[in-house]
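Asks: fold the stuff below for me.
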Amino acid sequence: MAHEVGAQEKITYGRNDRFKGGPVGGGRFWVDGEGRPTAKIGGPREWQPPNMIDVHVGDTFTVGGQTWKITDIVDPDSPDAYLLATRVS
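Replies: Numbers count the residues shown, from 1 in each chain. As a prediction, this is how the structure comes out:
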């Protein structure tokens, strides 16, 4: 799916097929040693090796030619954790 710049997507545990060139999915959420919410997300083959990356609020990732910025990581220590990403280009 192509998104407009400014569009927002929620990424939870598992697979999200709404990303053009995806899927992108949450593999793990936690608070790192510096107290920052952190997520491990998996993406398409173009991310390999490995196809999992660690992200924090403010980081960006590119999938399907679209760049996304992590704008929030919510409840990283709970089973309901998720992150919000906003398309920036």
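Asks: C-terminal to the one helix or strand in the chain whose mean pLDDT sits lowest, what's the next element?
Replies: The least trusted helix or strand in the chain, going by mean pLDDT, DSSP states H and E, turns out to be strand 14-16, with a mean of 87. Using DSSP states H and E, the next helix or strand after strand 14-16 towards the C-terminus is strand 24-31.
Asks: just to revisit the earlier point, show me what the least confident helix or strand of the chain is packed up against.
Replies: In terms of contact count using 3 or more CB pairs under 8 Å, 6 or more residues apart in numbering; DSSP states H and E, strand 14-16 is assigned the packing partners strand 24-31. All C-beta atoms are positioned from the backbone trio N, CA, C, and that covers glycine.
Asks: which residues in this protein form helices?
Replies: For the chain, helices defined by DSSP state H do not occur.
Asks: in it, where is pLDDT below threshold?
Replies: Applying pLDDT under 70 to the chain picks out residues 1.
Asks: next up, the contacts around the nearest residue in space to G14 that is not next to it in sequence.
Replies: Among residues not flanking G14 along the chain, G25 sits closest, at 5.2 Å (CB to CB, 6 or more residues apart in numbering). By CB atoms under 8 Å, 6 or more residues apart in numbering, G25 lies in contact with I11, T12, Y13, G14, R15, N16, I41, G42.
Asks: for the nearest residue to the third one once chain neighbours are set aside, name its beta-bridge partners.
Replies: Spelled out, it's Y13. The shortest distance from Y13 to any non-neighbouring residue, by CB to CB, 6+ apart, is to G26 (4.8 Å). In this entry, G26 is beta-bridged to Y13, I41, by DSSP bridges.
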